[in-house]
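>>> Got a sequence here, can you model it:
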Amino acid sequence: MPVKYIPAISGPTEWGDIVGTITSQSDLNNLLSEKSPINHNHSLYELSEKSYNSLDDLPNLEIYHKNSDLISPCPAYICDGIDDYIKIINSLFIDVSQHFSIIILARIDEYSENFTIATKINSDSKKGWKLHCNYGVVKFSFGDGIAIESVNHSQTIDENRMYKFSISYDDDNKKLIFGIDDIFEEFVFPQFGAPENSIKDILIAKNDEENEYCKLAIHSFLFLNKSSSIKELREFVRNGRFNKQLLIENKVYVQLLLKQFSFGTKYWFDCSSRDRIAEIFGGLKPYFLCEKLIIPLIGLDDNKSFSKILPANYSVEYILSQNFSNDDCDLTIYIDSDLVIDSETIKDNNEKGFSIFRNLDTYIDSDLEIELSGINIDVSIYIILKKQLDYLWSI
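Below is the predicted model of the structure:
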């Protein structure tokens, strides 16, 4: 008998109507019974995956940067809008010249009118520059002694988010590049004369003209006495990290590269070839994630050195010593040969804490040396480490 093949069904399949009630369709009824109705809901306390008992029991996320581009939280000084600001003393090396580039990583915490991110402008003599923001509209102004030119970026910014603000000016072509993160715009000023120097100090988070302060988080500041291409501006800071190779190539142009050197003190560190500092005013606070390192020292009869035990990309914020002995002991600690605790006495069966606020090297693990003098030593050392963003490199 010849085999006959059933022809393939073409087009959409049509099914007849279901006859009878759903309850009489046993297979369908059983399947639907396993599903939730469209208006199904649960109370929060019934959810097995929940982490909190109510919407009022959520963690405080305000201490973290709401930022999609940088690792969060990233190191930054937080200006409270009352009396906090940063001042960089005036220098010809960090003044506006015919060609310059500025990159600032910062976060605006609260909008205001004419919010000052950073400024070095003298409005009376129409010299210098200013990076500011009016309720999300970011502007860059600079002067040639005759006029103050102001450029508005078409991208508006949000509160509570870290942004990279990039500016480059090429006087030969009268061209200014203005960027927010990786969105750049070019502006040409054919009528504009060469930018002129201002004797004003650089102020961050303060409008000196109105004596106003701004709620700002400042992460880093880079100034070059050259104009840069969009490609360079994009590469200088990528995901919060300065490009080492690009900095080496532009080393002669890097006039100011500020990074946080010692949180809790009044200075930032300028890791350009010039040894300058940025002075901190007010009660600025850094934010980090927290880690802990515990070193038990029992029966120690000599100094103890730990090679590369402190991880790169961290800061040592606090050291706590617990003395379980029945005798006093003296504690001395060095980090990378620098004395951080000098012959402090820890009483018997007692503890003592020390605030350190020291950033470790960004790329190299740090050495730790502990000296304990006493009898029957039984001591534990707790080192509180806080994670930094792998972001800056000393050139």
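>>> residues near L222, how many?
23 (other C-beta atoms under 10 Å). Every residue, glycine included, has its C-beta placed from N, CA and C.
>>> Check S220 too.
Quick note: S220 (other C-beta under 10 Å) scores 23 neighbours.
>>> so where's the stretch 151-300 of the chain shaky on pLDDT?
Within the stretch 151-300 of the chain, the ranges that satisfy pLDDT under 70 run 238-241, 259-290, 298-300.
>>> ranges for the strands of it?
With strands called from DSSP state E, counting those that start in this stretch, the stretch 151-300 of the chain shows them at 162-170, 175-180, 183-188, 202-204, 206-207, 212-213, 215-224, 237-238, 241-242, 254-259, 267-270, 277-281, 289-298.
>>> Ok, the stretch 1-150 of the chain next?
For the stretch 1-150 of the chain, the strands defined by DSSP E, counting those that start in this stretch cover 77-80, 85-88, 99-108, 115-122, 127-134, 137-144, 148-156.
>>> can these go into CSV with extra columns for mean neighbour count and distance to D181?
Output for the strands of the stretch 1-150 of the chain, formatted as CSV (neighbours: other C-beta atoms under 10 Å; distance: least, C-beta to C-beta, whole Å):
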stretch, mean neighbour count, distance to D181
strand 77-80, 22, 20
strand 85-88, 22, 22
strand 99-108, 23, 10
strand 115-122, 24, 14
strand 127-134, 22, 14
strand 137-144, 20, 11
strand 148-156, 15, 8
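>>> and of the ones you listed, who's closest to D328?
Across the strands of the stretch 1-150 of the chain, D328 has its closest neighbour in strand 77-80 (38.6 Å, C-beta to C-beta).
>>> and that closest one, average pLDDT?
Strand 77-80 comes out with an average pLDDT of 78.
>>> Quick one: list the elements packing against that strand.
Strand 77-80 sits against strand 85-88, strand 215-224, with contacts defined as 3 or more C-beta pairs under 8 Å, 6 or more residues apart in numbering; DSSP states H and E.
>>> Switch these over to a markdown table; also include distance to F165.
Below are the helices and strands packed on strand 77-80 laid out as a markdown table (distance: least, C-beta to C-beta, whole Å):
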| stretch | distance to F165 |
| --- | --- |
| strand 85-88 | 15 |
| strand 215-224 | 10 |
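>>> Between those strands, which one is closest to N207.
Of the helices and strands packed on strand 77-80, nearest to N207 by C-beta to C-beta is strand 85-88, at 9.4 Å.
>>> elements contacting that closest one?
Short answer (3+ C-beta pairs under 8 Å, 6+ apart): strand 85-88 packs on strand 77-80, strand 202-204, strand 277-281.
>>> rerun that using 7 Å as the cut-off
If contacts are counted by 3 or more C-beta pairs under 7 Å, 6 or more residues apart in numbering; DSSP states H and E, strand 85-88 sits against strand 202-204, strand 277-281.
>>> Where does pLDDT dip in the stretch 1-150 of the chain?
Applying pLDDT under 70 to the stretch 1-150 of the chain flags the ranges 1-26, 28-29, 31-76.
>>> Let's see that with 90 instead.
Along the stretch 1-150 of the chain, the model assigns pLDDT under 90 to residues 1-98, 105-115, 121-124, 136, 147-148.
>>> circling back: now for the helices and strands packed on strand 77-80, which one comes closest to Y135?
With distances scored as C-beta to C-beta, the stretch of the helices and strands packed on strand 77-80 nearest to Y135 is strand 215-224 (13.4 Å).
>>> which outside residues touch that closest one?
Identification of contacts with strand 215-224 by C-beta atoms under 7 Å, 6 or more residues apart in numbering yields 74-81, 86, 94, 100-110, 117, 162, 204-205, 236, 250, 253-259, 391-392.
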